[in-house]
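*Asks:* Build me a model:
(chains A and B)
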Amino acid sequence: MMKSIGLQRLAGLALAVMIAGAPISALAQNATAAPANAAAPANAAAAPANATTAAPAAATAAPAATPAPKIDTGDTAWMLTSSVLVLMMTIPGLALFYAGMVRKKNILATLAQSFAATALITVLWMIAGYSLAFTGSGAYIGDMKYLLLGPMGLNATSSLAPTIPESVYMMFQMTFAIITPALIAGALADRMKFSAFMIFMGAWLILVYCPIAHWVWGGGWLGTMGALDYAGGTVVHLNAGTAGLVTALMLGKRKGLGTENMAPHNLAYSVIGASLLWVGWFGFNAGSAVTSNVNAGMAMAATQIATAGATLAWMGAEWISHGKPSVLGMVSGAVAGLVAITPASGFVNAQGALVIGLAAGVVCYFSAVHVKKMIGYDDALDCWGVHGVGGALGAILTGALAVKAINPTGAPKGGWLYDGNFGQMWLQFVDVAATFVYCGIMTFIILAVLKYTIGIRVSEEVEVEGLDINLHGEVVQA
Amino acid sequence: MKMIIAIVKPFKLDEVREALVGAGVEGLTISEVKGYGRQKGQTEIYRGAEYQVNFVPKVKLEAVVDDASVAKAVEAIKTAAATGKIGDGKIFVVEVTDAVRIRTGETGSAAI
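*Replies:* Next comes the predicted model:
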């Protein structure tokens, strides 16, 4: 009898989705007919100086009013590759990185968080996320003209990336939108309900990620103001880190923290995950050049140098303070370096990159290991300690170490130490503060609503017995 | 008949097995266990979270032998498993009332 009720519910849901889908796709068809140039933000800071407005995106063969920008095969090939690399960062990079650090009874649930978030964010991005973040000319949010990607025709390009197809740009940005909320799973590990998690992921994407991405990259006020964030030090890492901190505080500490053995079940997975993150990150940073050119090359070099520096710095700090350099520390150092170089990667030279890496390794070591213990919040997998702190650190250092000669289009005034532009430090600070405040407040609101409706934390029994068996009905066999 | 139960260091397993074969012991059961005696565990540390691990991994061997072979078998285990360092393990000898070979139905010493 239980089975037939479940089938009825499923059939009803399927019918409802199909009925709802009809008017929504009709809306998307109407959006296609909207004026072709309506979606081009004129003041995107990241756009190259010679950007032309987006080609008409009509699905029908209407003749173009302005000459279509030339799609560059080199740029497109690189951006296709970058998208794939960044997707790999989440699945399986981040998935394994986190899963290896939890206890055996929660491995599958932790993997599921990254995997399911990937699927959910993809669909939501397609429906509304891309539109809200990267179209329109609002200072704070885009518009809904790209609902269901209606206007995205075969030959369309975005003014933010005029030499690659818009489908590729949309996809590239999608992979960023996927990993940012997925990172938050690090703070909520071992104790969040899967249903609440999924709703949280979707709501956070639309209400937090899309606005902030729009502010910095989509033509919004932070980018226009001149804040520098090449690949997401604030948009991705400080953002996710702040949300992680709020989530950890709202969920509360794991039962048994401090007394029970919560040792990582299999750090080999974490090393594999971290390695995939490192390799994939070249798509993240060098791909943020949105072209296949000198900026991409410099960003790749900066990324590698910073990451290696941070690995050594964390290793050294740990060796000195604990007597042994741990493998978990090594890979955490690498991730800290990757995070910190993210906002700076397209603006710094090799020396700046090394400084950022070394600083990140030491600072994030202190925040994840010592500060966390001192304050006592249960940021289980150091989402705030590494991504939040590392992202903020990198963003500030970007202001100090940006070099105008490295990226004259993207950073026309340069940074403090190399170009004497002290004002950049202030702009970076505003970016950091705005991200922290907005994300903190909105994350709190979303979680409060969930907490007082469906509840966000699993029951004590479920937490003790394990998430895998209780939330997913599966275990990793002995 | 007696059952010899030996707790030894895991890396000594092969050496002990060979020594028992040399002593005429033809059957053996092993299990991976954890335990402590005078040897204390290690401290594990993961990004600042410290765990004192009290139990040390060991291997437990169980072999049932004729009364006549007990001394030789115990000596074989003792020699092969020893390193001279703390944590080498222990050997226990317990009385066995009966044994049965499932395939043939033989009992007693014929079943060993």
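*Asks:* which parts of chain B sit against chain A?
*Replies:* Residues of chain B lying near chain A by C-beta under 8 Å from any C-beta of the partner chain: B:44, B:45, B:46, B:47, B:48, B:49, B:51, B:53. Every C-beta, even on glycine, is put in place using the N, C-alpha and C of the backbone.
*Asks:* Most neighbours of all those, which one?
*Replies:* For these, neighbours were counted using other C-beta atoms under 10 Å in any protein chain shown, and residue B:47 has the most, 21 neighbours in all.
*Asks:* How confident was the prediction at that residue?
*Replies:* Here, the pLDDT recorded for residue B:47 equals 90.
*Asks:* for the one 10 residues further on, same thing?
*Replies:* On the pLDDT scale, residue B:57 is placed at 91.
*Asks:* okay, now it: neighbour count?
*Replies:* The number of residues near residue B:57, taken as other C-beta under 10 Å, comes to 12.
*Asks:* Would you mind pulling up the elements that the strand or helix carrying it packs against?
*Replies:* Using DSSP states H and E, residue B:57 falls within strand B:56-65. The helices and strands touching strand B:56-65, judged by 3 or more C-beta pairs under 8 Å, 6 or more residues apart in numbering or on different chains; DSSP states H and E, are strand B:2-8, helix B:13-22, strand B:29-35, helix B:70-81.
*Asks:* neighbouring contacts of that strand?
*Replies:* With contact meaning C-beta atoms under 8 Å, 6 or more residues apart in numbering or on different chains, strand B:56-65 is reached by B:1-10, B:12-13, B:16-17, B:20, B:25, B:27-36, B:39, B:41, B:73, B:77, B:87, B:89, B:96, B:99, B:112.
*Asks:* Using CSV, list the CA coordinates for it.
*Replies:* Only the C-alpha atoms of strand B:56-65 are listed here, as CSV (Å, rounded to 0.1, in the frame of the first residue of the first chain):
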residue,chain,number,x,y,z
VAL,B,56,47.3,-0.8,18.6
PRO,B,57,46.7,-3.1,15.6
LYS,B,58,47.8,-6.7,16.1
VAL,B,59,47.2,-10.1,14.6
LYS,B,60,45.6,-13.0,16.5
LEU,B,61,46.5,-16.6,15.6
GLU,B,62,44.5,-19.6,16.7
ALA,B,63,45.8,-23.1,16.2
VAL,B,64,44.5,-26.4,17.7
VAL,B,65,47.3,-28.9,18.3
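*Asks:* now that strand against helix B:13-22, angle please.
*Replies:* Between strand B:56-65 and helix B:13-22, the angle comes out at 10 degrees (axes from the mean of the first three to the mean of the last three C-alpha atoms, to 10 degrees).
*Asks:* Adjacent strands (with direction) for strand B:56-65?
*Replies:* According to DSSP bridges, strand B:56-65 forms sheet pairs with strand B:2-8 (antiparallel), strand B:29-35 (antiparallel).
*Asks:* can you map out the helices along the stretch 301-450 of chain A?
*Replies:* A:327-341, A:350-365, A:372-375, A:389-401, A:416-419, A:423-451 (DSSP state H, counting those that start in this stretch).
*Asks:* would JSON lines of the ones you listed with mean pLDDT, distance to residue A:260 and mean neighbour count be doable?
*Replies:* Formatted as JSON lines, the helices of the stretch 301-450 of chain A follow (pLDDT from 0 to 100; distance: least, C-beta to C-beta, whole Å; neighbours: other C-beta atoms under 10 Å in any protein chain shown):
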{"stretch": "helix A:327-341", "mean pLDDT": "97", "distance to residue A:260": "18", "mean neighbour count": "29"}
{"stretch": "helix A:350-365", "mean pLDDT": "98", "distance to residue A:260": "24", "mean neighbour count": "24"}
{"stretch": "helix A:372-375", "mean pLDDT": "90", "distance to residue A:260": "16", "mean neighbour count": "12"}
{"stretch": "helix A:389-401", "mean pLDDT": "98", "distance to residue A:260": "26", "mean neighbour count": "28"}
{"stretch": "helix A:416-419", "mean pLDDT": "97", "distance to residue A:260": "47", "mean neighbour count": "18"}
{"stretch": "helix A:423-451", "mean pLDDT": "98", "distance to residue A:260": "24", "mean neighbour count": "19"}
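*Asks:* so what strands line up beside the worst-scoring helix or strand of chain B on mean pLDDT?
*Replies:* When each helix and strand of chain B is scored by mean pLDDT, DSSP states H and E, strand B:49-52 comes last, with a mean of 87. Using DSSP bridges, the strands paired with strand B:49-52 are strand B:43-46 (antiparallel).
*Asks:* What lies in contact with the strand it pairs with?
*Replies:* Residues from elsewhere that reach strand B:43-46, judged by C-beta under 8 Å, 6+ apart: A:101, A:263, A:264, A:322, A:324, A:326, A:328, B:50, B:51, B:52, B:53.
*Asks:* how does it look with 10 Å?
*Replies:* Residues outside strand B:43-46 that contact it (C-beta atoms under 10 Å, 6 or more residues apart in numbering or on different chains) are A:101, A:261-264, A:267, A:270, A:318, A:322-324, A:326-329, A:332, A:369, B:50-53.
*Asks:* CA atoms only for stretch A:327-344 - export them in PDB, please.
*Replies:* C-alpha atoms of stretch A:327-344 as PDB (Å, rounded to 0.1, in the frame of the first residue of the first chain):
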ATOM      1  CA  VAL A 327      49.700  15.000   4.600                       C
ATOM      2  CA  LEU A 328      46.400  16.600   5.400                       C
ATOM      3  CA  GLY A 329      48.400  19.800   6.100                       C
ATOM      4  CA  MET A 330      50.200  19.600   2.900                       C
ATOM      5  CA  VAL A 331      47.100  19.400   0.800                       C
ATOM      6  CA  SER A 332      45.300  22.000   2.900                       C
ATOM      7  CA  GLY A 333      48.200  24.300   2.300                       C
ATOM      8  CA  ALA A 334      47.900  23.700  -1.500                       C
ATOM      9  CA  VAL A 335      44.200  24.500  -1.400                       C
ATOM     10  CA  ALA A 336      44.800  27.700   0.700                       C
ATOM     11  CA  GLY A 337      47.300  28.800  -1.900                       C
ATOM     12  CA  LEU A 338      44.900  28.100  -4.700                       C
ATOM     13  CA  VAL A 339      42.200  30.100  -2.900                       C
ATOM     14  CA  ALA A 340      44.400  33.100  -2.200                       C
ATOM     15  CA  ILE A 341      45.800  33.400  -5.700                       C
ATOM     16  CA  THR A 342      42.400  33.200  -7.200                       C
ATOM     17  CA  PRO A 343      41.500  36.900  -7.100                       C
ATOM     18  CA  ALA A 344      45.100  37.900  -8.000                       C
END
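*Asks:* Name the residues of chain A found near chain B, please.
*Replies:* Applying C-beta under 10 Å from any C-beta of the partner chain, we find that chain A lies next to chain B at A:101, A:257-258, A:260-264, A:267, A:270, A:314, A:318, A:321-324, A:326-329, A:332, A:365, A:368-373, A:380-382, A:385-386.
*Asks:* again, 8 Å this time
*Replies:* Checking chain A against chain B by C-beta under 8 Å from any C-beta, the hits are A:101, A:261-264, A:322, A:324, A:326, A:328-329, A:332, A:368-370, A:372-373, A:382.
*Asks:* Apart from its neighbours in sequence, what residue is nearest residue A:86?
*Replies:* residue A:175 (3.8 Å; C-beta to C-beta, 6 or more residues apart in numbering or on different chains).
*Asks:* what sits against that neighbour?
*Replies:* A:83, A:86, A:87, A:89, A:90, A:283.
*Asks:* rerun that using 6 Å as the cut-off
*Replies:* When contacts are counted by C-beta atoms under 6 Å, 6 or more residues apart in numbering or on different chains, residue A:175 touches A:83, A:86, A:87.
*Asks:* And residue A:360, by the same measure?
*Replies:* A:310, A:336, A:337, A:340, A:390, A:393.
*Asks:* Likewise for residue B:25?
*Replies:* Residue B:25 sits next to B:63, B:65, B:73 when contact means C-beta under 6 Å, 6+ apart.
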